[in-house]
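1. Got a sequence here, can you model it:
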Amino acid sequence: MTVFEWFEVKKQNFKQWRQEFTLQGFFIQIRSSRRLVLFIVFVALLLDNMLLTTVVPIIPDYLFKLEHPDEYTYVDGNGAASNSSLNSNFTLYNTTTPTNSSCQFAIDVNQRCNISTETPTVTNGYAQDLKDENVEVGLLFASKAFVQLVSNPFVGPLTNRIGYSIPMFVGFVIMFVATIIFAVGETYIVLLLARMLQGIGSACSSVAGMGMLADRYPDDEERGNAMGIALGGLALGVLIGPPFGGVVYQFLGKEAPFYILAALALGDGLLQLLVLKPGVGKEVQMEGTPLLTLVRDPYILIAAGSITFANMAIALLEPSMPLWMMATMDTEKWQIGSIWLSPSIGYTIGTYAFGYLGTQIGRWLCSLLGMVVVGVCMVWIPFSESIKELIAPCFGLGFAIGMVDSSMMPTMGLLVDLRHVSVYGSVYAIADVAFCVGFALGPALSGEIVKTIGFPWLLRGIAIVNFIYCPLCYFLRDPPAREDKQAILLEETMPVSYTVHRQTDYQTLHEDND
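-> Just a heads-up that it's a prediction; the model follows:
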């Protein structure tokens, strides 16, 4: 075929397509596309987790400035405290290199600074302020997860009744409003309100999104791959959020990152209106298993527990590690944001890789090994003395959590298929509750634990919990199916054989013999 003939064929094909094309048919086609649904869930999780993590490098510094707007305390050569006004370029993350006589903050932020007679040094009041800041920051970070935890039991059964599209769209609207409040909020109470409001939106988006994917991808292997891709959106949001927030906050101010996120959220909302066409309509034809029945299933509880304790590790670090870095290292805002690139890249690789590998080597084994690696990395982190030394353990932590999440999320859907009715809203409400418990208890407890026993033992404690819990993943190796489900599965997997029986007309045969 010559080039001219090839162009003629393409021209004829285009003319035929243009004649057959209708706007209604186009919308019907894209609304039935599983890949577009997967992309919508991916984008929703991406933006939700960008908002979740963008505040990590912003809130500790911003709250500290709200409470200490004008002064910074030094100790003079005679040991007397003196106040020096902050110049316009001063930030909480002072980049001045301390001299040999300057006091260095201890890891547990508890030791008093040695008074130097040569160089002004920071009093331990600053260290105490940082330590106290853990509590407020931890409560603000945890509030989103607590609200999401309360909302999930209502959202899950609701999706079983009205479908997934409306809760998904409501989640977008709430997230957009919360983002604007973050941008304009200037007090702790307003920021706390925005964080709590985000929890309601996250409950709607995550439960409806995961349920939609489980419904559109009934094959277990396809479902695992699809959820691995969707969790990649979560990972990418976690990856982009902290450095995005830190850099934009330092150079453009607090409002800029949230206005940018709000604009991106509007694009996601338009995409949902175009593809999902939100409306009340029961998308599932069967009555789902009651939520309490699923909660009593020990195999679902084991899978949910793995998600909780693995994610609690990173949740403990969110409010406490920035303040620990401020007290023990010479850091700037963009550096505190950028350090979260390491676990985020690890999480992205882990979710994509084990979305596929989990079906090959066993999801239970992936989860077990992931929890072991989580424990090792949490023990490793407090020994780091610089940002460079933090990169490896943080990467390993993110990779391990990605192993657990990408293995256990499709496992939750499989357990429902094996042991209950294949309606997924409630089971993914439980999975989201598992996330929320980790991200609620972690930040809420971390502040008091750091004040009581110090940052290193905070991390060692969650490491021990992961080491103790991980053997339970073995029970997910071959979970038993319900008897009626087992019969259906056998019918689907057994080969069909046909036996041809020849029928003999005995009357005709008798007449022929006569």
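2. show me where the stretch 401-514 of the chain has helices.
-> Taking DSSP state H, counting those that start in this stretch as the criterion, the stretch 401-514 of the chain contains helices spanning 425-453, 455-469, 483-493, 506-513.
3. which one of these has the lowest average pLDDT?
-> Averaging pLDDT over each of those singles out helix 506-513 as the lowest, with a mean of 46.
4. What separation do you get for the nearest residue to residue 481 once chain neighbours are set aside and residue 480?
-> Computed as Cβ to Cβ, 6 or more residues apart in numbering, the closest residue to residue 481 that is not its neighbour in sequence is residue 418, at 4.2 Å. To be clear about C-beta, it is placed using only N, CA and C from the backbone, and glycine gets the same treatment. Remark: distance between residue 418 and residue 480 (Cβ to Cβ, to the nearest Å) = 8 Å.
5. Pick out whichever of these two has more residues nearby.
-> Between residue 418 and residue 480, residue 418 has the larger neighbour count (other Cβ atoms under 10 Å), namely 17 against 10.
6. related to what we said a few turns ago, I'd like to know how far the residue nearest to residue 481 sits from residue 300.
-> Noted for residue 418: a distance of 11 Å to residue 300, by Cβ to Cβ.
7. Show the subsequent helix or strand relative to the host helix or strand of residue 177.
-> Of the helices and strands defined by DSSP states H and E, residue 177 is found in helix 165-184. Elements were assigned by DSSP H and E; along the chain past helix 165-184, the next helix or strand is helix 188-216.
8. Please name every helix or strand in contact with the helix or strand that that following helix is followed by.
-> On the C-terminal side of helix 188-216, the closest following helix or strand by DSSP H and E is helix 220-252. Using 3 or more Cβ pairs under 8 Å, 6 or more residues apart in numbering; DSSP states H and E as the contact criterion, the elements in contact with helix 220-252 are helix 34-54, helix 188-216, helix 255-275, helix 333-338, helix 341-361, helix 387-419.
9. Report the buried residues of helix 220-252.
-> With burial defined by 16 or more other Cβ atoms under 10 Å, the residues of helix 220-252 counted as buried are 220, 223-250.
10. who touches the residue positioned nearest the centre of the chain in this structure?
-> The centroid of the chain falls nearest to residue 234 when counting by Cα atoms, centre = their mean (4.9 Å). Applying Cβ atoms under 8 Å, 6 or more residues apart in numbering to residue 234 gives the contacts 45, 46, 48, 49, 351, 405.
11. any idea how far the third one is from residue 307?
-> Think residue 48. Residue 48 is 17 Å from residue 307, by Cβ to Cβ.
12. Show me where the stretch 201-350 of the chain dips below the pLDDT cut-off.
-> 279-287, 331-334, 337 (pLDDT under 70).
13. repeat that with 90
-> Scanning the stretch 201-350 of the chain for pLDDT under 90 picks out the ranges 202-257, 264-293, 295, 311-350.
14. got it, and the stretch 51-200 of the chain?
-> Within the stretch 51-200 of the chain, the set of residues satisfying pLDDT under 90 comprises 51-168, 172, 182-192, 194-195, 199.
15. how about 70 then?
-> Judged by pLDDT under 70, the stretches of the stretch 51-200 of the chain that qualify are 67-135.
16. need the strands for it, in chain order.
-> Assigned by DSSP state E, counting those that start in this stretch, the stretch 51-200 of the chain shows strands spanning 71-75, 81-85, 121-122.
17. quick one: which of the contacts of residue 234 is nearest residue 277?
-> Sorting those by distance to residue 277 puts residue 45 at the head of the list, at 20.6 Å, by Cβ to Cβ.
18. Please name the residues that touch that closest one.
-> Residues in contact with residue 45, defined by Cβ under 8 Å, 6+ apart, are 205, 206, 209, 230, 231, 233, 234, 237.
19. Turn the residues you listed into TSV, columns for distance to residue 410.
-> As requested, those are exported to TSV (distance: Cβ to Cβ, whole Å):
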residue	distance to residue 410
205	19
206	15
209	14
230	10
231	10
233	15
234	14
237	20
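20. how much space is there between residue 414 and residue 359?
-> Taking Cβ to Cβ as the measure, residue 414 falls 10 Å from residue 359.
21. which residue packs closest to residue 147, ignoring adjacent ones?
-> With Cβ to Cβ, 6+ apart as the criterion, residue 147 has its nearest non-adjacent residue at 3.1 Å, and that residue is residue 199.
22. scratch that, residue 357 is what I was asking about
-> Taking Cβ to Cβ, 6+ apart as the measure, residue 357 lies nearest to residue 366, with 6.9 Å between them; neighbours along the chain are not counted.
23. that's a helix at the one you found, yeah?
-> Yes. The assignment for residue 366 is a helix, going by DSSP: H, G, I helix; E, B strand; the rest coil.
24. residues touching it, list them.
-> With contacts taken as Cβ under 8 Å, 6+ apart, residue 366 has the following neighbours: 354, 357, 358, 403, 404, 406, 407.
25. Over to residue 240?
-> Residues touching residue 240, when contacts are defined by Cβ under 8 Å, 6+ apart, comprise 46, 50, 344.
26. Nearest to residue 274, out of those: which one, please.
-> Within the set of the contacts of residue 240, residue 46 lies nearest residue 274; the separation is 17.8 Å, counting by Cβ to Cβ.
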